[in-house]
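*Asks:* what follows is a predicted structure for the sequence shown.
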Amino acid sequence: MRPDHQRRGVGLALVHSLLGAADAIGEPLVALVGSPAYYSRYGFRTSTDYGITPPRPAWGDYFQVRTLTAYEPTLRGAFVFAEPFDHA
């Protein structure tokens, strides 16, 4: 997003919409690659805090997870993106 369009609440609305929709369909968590300083305000934490290994180790703390209602602590291991998103 262009800097002159930031700080208008669009990002906040998108994140809350995504989290609500994922929770409503029973997803256990949402994962992303992004700034820990930014996404921690939405409850995201480094994936390894939950025993989830990032698809690319170099992502380190930038690979984050936000657990949802259906989350079970036994859900651990290597994270795998859905096939359409795994072509990087």
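*Replies:* Looks like it arrived, so ask away.
*Asks:* what bridges to residue 52?
*Replies:* Beta bridges link residue 52 to residue 77 when assigned by DSSP bridges.
*Asks:* just the element for the residue most central in space within the chain, please.
*Replies:* The geometric centre of the chain, computed from its C-alpha atoms, lies nearest to residue 31 (C-alpha atoms, centre = their mean), at 2.7 Å. Take DSSP states H and E as the rule and residue 31 turns out to sit in strand 29-33.
*Asks:* and that strand, how far out from the chain's middle?
*Replies:* On the basis of C-alpha atoms, centre = their mean, to the nearest Å, strand 29-33 sits 2 Å off its chain's mean C-alpha point.
*Asks:* and that strand, what does it pack onto?
*Replies:* Using 3 or more C-beta pairs under 8 Å, 6 or more residues apart in numbering; DSSP states H and E as the contact criterion, the neighbours of strand 29-33 among helices and strands are helix 10-24, strand 63-67. C-beta: built from backbone N, CA, C; applies to glycine.
*Asks:* for these, give me a markdown table that also has distance to residue 79.
*Replies:* Formatted as a markdown table, the helices and strands packed on strand 29-33 follow (distance: least, C-beta to C-beta, whole Å):
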| stretch | distance to residue 79 |
| --- | --- |
| helix 10-24 | 15 |
| strand 63-67 | 7 |
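*Asks:* for the closest residue to residue 53 other than its chain neighbours, list the residues it contacts.
*Replies:* Leaving aside its sequence neighbours, residue 53 sits nearest to residue 78 (C-beta to C-beta, 6 or more residues apart in numbering; 4.6 Å). When contacts are counted by C-beta atoms under 8 Å, 6 or more residues apart in numbering, residue 78 is found next to 52, 53, 55.
*Asks:* before we move on, what about residue 57?
*Replies:* Residue 57 sits next to no residue when contact means C-beta under 8 Å, 6+ apart.
*Asks:* equivalent analysis for residue 55, please.
*Replies:* The contact partners of residue 55, taken as C-beta under 8 Å, 6+ apart, are 63, 78, 79, 80, 81, 86.
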